[in-house]
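# the following comprises the amino acid sequence and a computationally predicted model.
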Amino acid sequence: MSLRTCSRRLGAVLQTQRTVLPPTSRRRYASAAVAASNLPAGLKDAIDSDAHLSNPDPQSDSQTARLVDAQSPYMVPTYVRPPPMFQQGEGCYLWDVENRQYLDFTAGIAVNSLGHSDPEIAKILYQQAQTLVHASNLYHNPWTGALSQLLVEKTREAGGFNAGKVFICNSGSEANEAALKFARKHGRSVQPDGSKFEVVSFHGSFHGRTMGSLSLTPNPKYQKPFSPMLPGCKYAIYNDIDSINELITENTCGVIIEPIQGEGGVNVATPEFLLALRKRCTSVGAVLIHDEIQCGLSRTGKLWAHCDLPTSAHPDILTTAKALGNGFPIGATLVTDEVSSKIVTGDHGTTFGGNPLGCRVAHHILSRLSDPELQTAVLKKETRFREHMSRLRQRFPSIVQEVRGRGLILGLQLSADPTPVVTAARERGLLVITCGTNTLRFVPPLVVSEAEIDEGMGILEQALVAVFEEPGVVEGTRGQQEMEER
């Protein structure tokens, strides 16, 4: 029997014992058993390591690995995934097929703001699925208009931009594609010769993977295999006023920006920059688009991230998705009446977007996420996270460099590759993801409790210790972000 096979079988025995013994006892038991054995030193270390992990990644002979191996040949390899396979969720926790529990600080990449398997959402999905799922946009249904009305009303109530109309679609990329088309159409209404067609986005941004949204995501890793990109796309420097004055011209029809760049590293646009951006767009007659797909819907403690800005900095178009469906695919593009007036029947459309099932569940979710009590709680939870992060900066002064973000979209900048920390945290029962360059990203469900924050940040500290202070090598988990710089 090979050492690797022996390690797996002994690990399986210890795993069985872990379900019976309390954590402290099982660690003492396993460590004592390994120390007293005559096993080779390398195998002893591997077994001892597993014994100290609550959620060691599934081995190659596990049920998870068998399922993955059976299914992978039929899947286009668009993602690199870590070993666990998740099959159940509740609140802020997920369980894998080995029935191991993980505290989720990713929320499906800022999607599950109301947590996993919310009972009220499940009830609405069940009821509407028994009533009407889809009838097409060739006909009216009660929920597309109701959701559109609620988005407009809640945006205005929250102090957001002067939204007038809404286009409902299926995803964030589709919402941005609609915004791009609307900006182009608006530009043609200003200059009928078609010369006003250029669109400006920003380095570090991520707007999607469809060809239009990809053209606005200036990352060579993603663009080069599919070039040439959409003509007329230019890229400015985030938070650099000089760059926008140079690139936004009379030929610019639209400018798209994330008030907080999620994938780019949780970079926050300054109020001064957003004010200057609005002023420049107005001066050249360009449409200003805020992509709030990741940072919107109360993740900053306000319904939209721009609600803290004066009206003189507000956008003409806003895109949203992710949390709007809490996992059900839906997106929306909100526009002013001025922009809407340039769109006529046949300019745009969607087959599935605006279906009654998605719109009814999104109507319910928006009603809950716009609750002022929830938004106040988000800001209190931000403070709790920042207290822990400040303590980690003191504990690891050469590793933890900076905390960025607002509300519950936060980034912890490290001086070293964070991917081993992702692995070490996962094997101790915490899910975190990365973004930008060497940044850990925290986008937990907005309903996360202070006790869960304390639990998760305690696990993160253990992971940092394991990676940066203890002997041995923790392998990094690649692919835990949508966009990686190269």
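Alright, I've got the coordinates.
# let me see the contact set for the spatially closest residue to Cys233 that is not a sequence neighbour.
Nearest residue to Cys233 in three dimensions, chain neighbours excluded: Ser215, at 4.7 Å (CB to CB, 6 or more residues apart in numbering). C-beta: built from backbone N, CA, C; applies to glycine. Residues counted as contacts of Ser215 (CB atoms under 8 Å, 6 or more residues apart in numbering) are 199, 223, 229-230, 233.
# in the longest helix along the chain, which residues are buried?
Longest helix in the chain, counting residues (DSSP state H): helix 372-395. For helix 372-395, the neighbour count (16 or more other CB atoms under 10 Å) marks 374-375, 377-378, 381-382, 384-385, 388-389, 392-393 as buried.
# take these and write them to JSON lines, including pLDDT.
Converted to JSON lines, these look like this (pLDDT from 0 to 100):
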{"residue": "Leu374", "pLDDT": "98"}
{"residue": "Gln375", "pLDDT": "98"}
{"residue": "Ala377", "pLDDT": "98"}
{"residue": "Val378", "pLDDT": "98"}
{"residue": "Lys381", "pLDDT": "98"}
{"residue": "Glu382", "pLDDT": "98"}
{"residue": "Arg384", "pLDDT": "98"}
{"residue": "Phe385", "pLDDT": "98"}
{"residue": "His388", "pLDDT": "98"}
{"residue": "Met389", "pLDDT": "98"}
{"residue": "Leu392", "pLDDT": "98"}
{"residue": "Arg393", "pLDDT": "98"}
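# format those as TSV; extra columns: distance to Gln59.
Formatted as TSV, the buried residues of helix 372-395 follow (distance: CB to CB, whole Å):
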residue	distance to Gln59
Leu374	41
Gln375	44
Ala377	40
Val378	39
Lys381	36
Glu382	38
Arg384	36
Phe385	33
His388	32
Met389	33
Leu392	31
Arg393	36
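# rewinding a little: quick check, nearest of the contacts of Ser215 to Ile289?
Val199 (8.8 Å; CB to CB).
# does that closest one touch Lys234 like I think?
Yes - if you go by CB atoms under 8 Å, Val199 and Lys234 touch, sitting 7.4 Å apart.
# these two: which is more packed in?
Val199 (25 against 19; other CB atoms under 10 Å).
# low pLDDT regions in the stretch 151-300 of the chain?
For the stretch 151-300 of the chain, no stretch is flagged by pLDDT under 70.
# where along it do the helices fall?
172-190, 211-215, 220-223, 241-247, 271-284 (DSSP state H, counting those that start in this stretch).
# hey, which of these is tucked in deepest?
Most buried of the helices of the stretch 151-300 of the chain, by mean neighbour count (mean count of other CB atoms under 10 Å): helix 172-190, with a mean of 24.
# by contact count, what packs against that one?
strand 165-169, strand 198-202, helix 211-215, strand 252-257, strand 287-291, strand 317-320, strand 331-335 (3 or more CB pairs under 8 Å, 6 or more residues apart in numbering; DSSP states H and E).
# let's have the ones you listed in TSV, adding distance to Asp57.
TSV is the format used below for these (distance: least, CB to CB, whole Å):
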stretch	distance to Asp57
strand 165-169	37
strand 198-202	36
helix 211-215	32
strand 252-257	38
strand 287-291	34
strand 317-320	35
strand 331-335	33
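# what's the closest of the ones you listed to Leu67?
Closest among these, using CB to CB: strand 331-335, at 30.7 Å.
# continuing past the closest one, what's the next helix or strand?
Going down the chain from strand 331-335, the next helix or strand is helix 337-340, by DSSP states H and E.
# what are the contacting residues of stretch 468-476?
Contacts of stretch 468-476 (CB under 8 Å, 6+ apart): 45, 49, 396, 399, 416-417, 419-424, 466-467.
# where helices are concerned, which of those residues count?
Filtering the contacts of stretch 468-476 for helices - DSSP H - leaves 45, 49, 419-424, 466-467.
# could I have the ChimeraX command that selects the buried members from the contacts of stretch 468-476?
In ChimeraX, this line selects whichever of these come out buried by 16+ other CB under 10 Å:
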select :49,396,399,419,420,421,422,423,424,466,467
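# and the contacts of stretch 468-476, which is closest to Cys295?
Val422 (21.6 Å).
# isn't that closest one up against Cys435?
No - using CB under 8 Å, Val422 is not in contact with Cys435, being 11.3 Å away.
# before we move on, back to that, can I get the ones in helices among the contacts of stretch 468-476 in CSV with pLDDT?
CSV is the format used below for those (pLDDT from 0 to 100):
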residue, pLDDT
Asp45, 55
Ser49, 57
Thr419, 95
Pro420, 96
Val421, 97
Val422, 97
Thr423, 96
Ala424, 96
Ala466, 95
Val467, 96
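# run a quick neighbour tally on Thr155.
24.
# coming back round to it: in CSV: the helices of the stretch 151-300 of the chain, plus distance to Gly89.
Formatted as CSV, the helices of the stretch 151-300 of the chain follow (distance: least, CB to CB, whole Å):
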stretch, distance to Gly89
helix 172-190, 21
helix 211-215, 28
helix 220-223, 29
helix 241-247, 42
helix 271-284, 36
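# do you know which of the ones you listed lies nearest Ile343?
Across the helices of the stretch 151-300 of the chain, closest to Ile343 is helix 172-190 (CB to CB), at 6.1 Å.
# and the contacts of that closest one?
Against helix 172-190 from outside (CB under 8 Å, 6+ apart): 167, 169, 194, 196-197, 199, 207-210, 212-213, 216, 252-254, 256, 285-287, 289, 291, 293, 317, 319-322, 331-333, 335, 339, 342-343, 347-348, 350, 353.
# tell me the one among the buried residues of helix 372-395 nearest to Glu272.
Glu382 (22.3 Å).
# so who does the residue nearest to that closest one when sequence neighbours are not counted touch?
Sequence neighbours aside, Gly407 is the residue nearest to Glu382 in space, at 5.2 Å (criterion: CB to CB, 6+ apart). Counting by CB under 8 Å, 6+ apart, Gly407 makes contact with 298-302, 378-379, 382.
# got a pLDDT number for Gly407?
At Gly407, the predicted lDDT confidence score is 98.
# likewise for the one 3 residues further on?
pLDDT recorded at Leu410 is 98.
# correct me if wrong, but it is in a helix.
No - assigned with DSSP: H, G, I helix; E, B strand; the rest coil, Leu410 falls outside any helix and is strand.
# for the residue nearest to it when sequence neighbours are not counted, the count of nearby residues, please.
Beyond its immediate neighbours in the sequence, the residue positioned closest to Leu410 (CB to CB, 6+ apart) is Phe442, lying 4.4 Å away. If you count neighbours by other CB under 10 Å, Phe442 ends up with 25.
# tell me who's in contact with Phe442.
105, 385, 405, 408-412, 432.
# from Lys181, how far off is the closest residue to Ile317 other than its chain neighbours?
Nearest non-adjacent residue to Ile317, counting by CB to CB, 6+ apart: Ile289, 4.4 Å away. Computed with CB to CB, to the nearest Å, the distance linking Ile289 and Lys181 is 11 Å.
# now the contacts of Phe442 as TSV including distance to Glu98?
As requested, those are exported to TSV (distance: CB to CB, whole Å):
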residue	distance to Glu98
Phe105	20
Phe385	29
Gly405	33
Leu408	29
Ile409	31
Leu410	30
Gly411	31
Leu412	28
Val432	20
